[in-house]
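>>> All I have is the shape, not the residue letters:
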């Protein structure tokens, strides 16, 4: 009797090829975060429901995974990494400020799977808490751009300041409508604004689009130049950029792949959220990578190809009698720092072993037959070039190392 | 009004110092796993309850986090990484065998928090599926030992073969009693065996302790020598080693820190578990690091000290006028690959900035005052040695890079 072997709907396994690529990308992103002086934070998957409830608007209330745990406590699964950060800031007042942290963990949302959305996905966030400075805003943006560049992506950053909306007296519904400009176009937005009884939607849009930069934005654009990224990156002032989340208070930004409308992340300044926990306001600014989207773009652009298998060589096993030789060769390659797989069974035909290497994308194969064993050599096969040569093991080490 | 800012009972935050150390250790462990040809697998946090139910014995049934999700499905949080692996093997028959995978993800168990146990913890597993070979057993042990060594730990591996218990006709309760030998001593085990109505518990223990190696164990010990680790590692045949989990079928092992009784991981061969999902038996062998225990040991032995902060230098900001110079110096250090933090506000006293660096454990500080700006130099302070020198930025790069 076999048990249902199935991933839960809306959830995914990442088999080695994908998992390898994910680890590679996460590694590059974390490297960049560290380069900019951000340090890691990990928070638990589960929080008291009360910590998360009421922070994510209507949609969040609907999509949050909540349940009663074995001890009758109401708990919820991490929905984003910003609210847990706010909880951390309040819980540990001793943390030195400004607190620059990165966090790379999964979040869970009961999204509609019919739209191809996943219910568990990785977020890669940086946030600076405890500084009002525009330098902090610029540093966050510079760091996000540097991470994208390190992955080989050219990007463009759209930037706005929500205080422009305040100056024009826009209410929340109006901001949400403007946020859809890219999706539904100008006419769509005007139609929505009419529903909200906006007096003259067309004029409002025109006024908005002709808005100038605020003082903070002027400063920000100048700091971004000093951060020395300008050569390859467009920083664009876009007064219609709104971003959905309620909690942003001034500067907001969105990072797009150059030459497309694809956003691979965004963020902004939120100076009032953390105070809800600590009772004491803490200015903050952050950026979050849309990791799945980033992976898709890297895939499409062929920027992940080199990282699909971790083993560089497979040491085959010719026979039971020669098993020992294969183990010793394997041990030597590994102690030289070469990622090495080895064939584990003594009774398989060489052909089967070569097929295994091929299926796993392992580029080289070492063969130790009776002749090789006698002469103290090995045969090194290059599977993609279909070539082979007889070498000493030391020569293999220097070739592959 | 402030919201409760508290971690859920039995759960932990990892603030930067700990999180840095954890990333360092996970990195070393994964590096070793890759060196041995294991490849990453990620499975979802949530599974259908039916996939996990009935696999972990009585305790597992009690400690598993289960709930009804928003779509009325019965789901459960990952309880270990072996059962999800078994599900993956059944779900994707196309995966090439042997399948050597590593998996480093959190698991959740509603443990008794009064005993200081945590309800979310990291597991670092390697498993080889699809080979019956003793070489596979040896490779798993060799890989675990190599990972411990890479972390600076000397270890000892106790090894046994469960078929010895079968030969002596031991039942499950008797095995569980013997498993407690280290905790409750010989008298304690004998007392428990008497409760289970074992005929002559004392004689049973004596017979067990004088058991010889099985053929498989003889082979295994010889392969372990070939894997070339023997010099620093004791491999000990211990016929009383039982390990609790039901599903082990033959070879089992436990890794202890040399000179202590502390186990930092263990595993064994389980040839019948995967068949429950696929309907088709798949031999398998695996090892799991007790990550928390490993971290504790590394901490006690002072093997984590060097990795408490990721930033190597803080660039201070002398004044608003000199802010630009500080940003440009920061950008240059970062583009040279040096992890660099920068002070973000223009109005803080230098003393406050130095205290911040000190609190974060950042070893160096760069100061650019009016003199330095005029001369194109910077002052580099070494905080622990309390020394400082005047250098060009290029000199700082070569000193810290």
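In hand now; what should we look at? Computed from a prediction, not measured in an experiment: that's the story for all the values here.
>>> Chain B contacts on the stretch 201-350 of chain A?
Residues of the stretch 201-350 of chain A found near chain B (Cβ under 8 Å from any Cβ of the partner chain) are A:223, A:226-228, A:275-279, A:309-311, A:314, A:317, A:323-324, A:327-328, A:330-332, A:334-335, A:337-342, A:344-346. In short, each C-beta sits where N, CA and C put it, glycine included.
>>> Among those, name the buried ones.
By neighbour count, with 16 or more other Cβ atoms under 10 Å in any protein chain shown, those hold A:223, A:226-228, A:275-278, A:309-311, A:314, A:317, A:323-324, A:327-328, A:330-332, A:334, A:338-342, A:344-346 as buried.
>>> Where do the strands of the stretch 201-350 of chain A begin and end?
In the stretch 201-350 of chain A, strands defined by DSSP state E, counting those that start in this stretch lie at A:234-237, A:251-257, A:263-269, A:284-290, A:313-315, A:340-342, listed in chain order.
>>> first to last residue in stretch A:217-235, what's the distance?
Using Cα to Cα, to the nearest Å, the span of stretch A:217-235 from its first residue to its last is 11 Å.
>>> about what we covered before: list the ones among the residues of the stretch 201-350 of chain A next to chain B that fall in helices.
A:223, A:226, A:275-278, A:323-324, A:327-328, A:330-332, A:334-335 (DSSP state H).
>>> Looking at the residues you listed, point me to the pair that's furthest apart.
A:275 and A:324 (67.4 Å; Cβ to Cβ).
>>> just how off-centre is stretch A:290-299 within its chain?
The chain centroid and the centroid of stretch A:290-299 are separated by 8 Å under Cα atoms, centre = their mean, to the nearest Å.
>>> ok, now how distant is residue A:212 from chain B?
The spacing between residue A:212 and chain B, counted by Cβ to the nearest Cβ, to the nearest Å, is 23 Å.
>>> so how far is the lengthiest helix in chain A off the chain centroid?
Using DSSP H, we find that the single longest helix of chain A is helix A:16-35. The chain centre lies 8 Å from the centre of helix A:16-35; the measure is Cα atoms, centre = their mean.
>>> mind putting the strands of the stretch 201-350 of chain A in TSV, mean pLDDT included?
Converted to TSV, the strands of the stretch 201-350 of chain A look like this (pLDDT from 0 to 100):
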stretch	mean pLDDT
strand A:234-237	93
strand A:251-257	97
strand A:263-269	96
strand A:284-290	97
strand A:313-315	96
strand A:340-342	94
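>>> Which one of the ones you listed lies nearest to residue B:12?
strand A:284-290 (22.5 Å).
>>> Could you please name the strands the closest one pairs with and the direction of each pair?
strand A:120-129 (antiparallel), strand A:263-269 (antiparallel) (DSSP bridges).
>>> which one of those strands lies closest to residue B:183?
Of all the strands paired with strand A:284-290, strand A:120-129 comes closest under Cβ to Cβ, at 37.7 Å.
>>> tell me how far that closest one is from the chain's mean position?
With Cα atoms, centre = their mean as the basis, strand A:120-129 stands 8 Å off its chain's centre.
>>> pLDDT averaged over it, what's the number?
Averaged across strand A:120-129, the pLDDT comes to 97.
>>> residues making contact with the longest helix of chain A?
With contact meaning Cβ atoms under 8 Å, 6 or more residues apart in numbering or on different chains, helix A:16-35 is reached by A:14, A:40, A:102, A:104, A:122, A:124, A:126, A:143, A:146-147, A:150-151, A:289, A:291, A:294-295, A:298-299, A:304, A:307-310, A:360-361, B:23, B:30, B:39-42, B:101, B:310-311, B:334, B:337-340.
>>> Any buried residues in it, and which?
A:16-26, A:28-30, A:32-35.
>>> what does the stretch 51-200 of chain A put close to chain B?
Counting by Cβ under 8 Å from any Cβ, the stretch 51-200 of chain A sits next to chain B at A:51, A:63, A:65, A:67-71, A:73, A:75, A:77, A:87-88, A:90-92, A:95-96, A:98, A:100-101, A:106, A:108, A:110, A:119-120, A:128, A:131-133, A:135-136, A:138-139, A:142, A:146.
>>> hang on, isn't residue A:360 packed against residue A:353?
No: using Cβ atoms under 8 Å, residue A:360 is not in contact with residue A:353; the gap is 11.1 Å.
>>> Tell me who's in contact with residue A:143.
A:32-33, A:35-36, A:38, A:126, A:287.
>>> Tell me how far residue A:168 lies from residue A:196.
Relative to residue A:196, residue A:168 is positioned 14 Å away (criterion: Cβ to Cβ, to the nearest Å).
>>> With residue A:330 instead?
Taking Cβ to Cβ, one finds residue A:330 at 69 Å from residue A:196.
>>> Quick test: name the residue nearest the centre of chain A.
residue A:291 (3.2 Å; Cα atoms, centre = their mean).
>>> Double-check that one against residue A:125; I have them as touching.
No: at 10.1 Å, residue A:291 does not count as touching residue A:125 under the criterion of Cβ under 8 Å.
>>> Which members of the contacts of residue A:143 define the maximum pairwise distance?
Using Cβ to Cβ, the contacts of residue A:143 span at most 14.6 Å, a distance reached by A:35 and A:287.
>>> And the residue of the stretch 201-350 of chain A closest to chain B?
residue A:341 (3.0 Å; Cβ to the nearest Cβ).
>>> Give me the distance between that residue and residue B:287.
To residue B:287, residue A:341 is 17 Å away according to Cβ to Cβ.
>>> do the same with residue A:384
Distance from residue A:384 to residue B:287, counting by Cβ to Cβ: 32 Å.
>>> which one of those two has more residues nearby?
For residue A:384 versus residue B:287, neighbours defined as other Cβ atoms under 10 Å in any protein chain shown are more numerous around residue B:287 (25 against 9).
>>> Please name the spatially closest residue to the more buried one (chain neighbours excluded).
residue B:267 (3.6 Å; Cβ to Cβ, 6 or more residues apart in numbering or on different chains).
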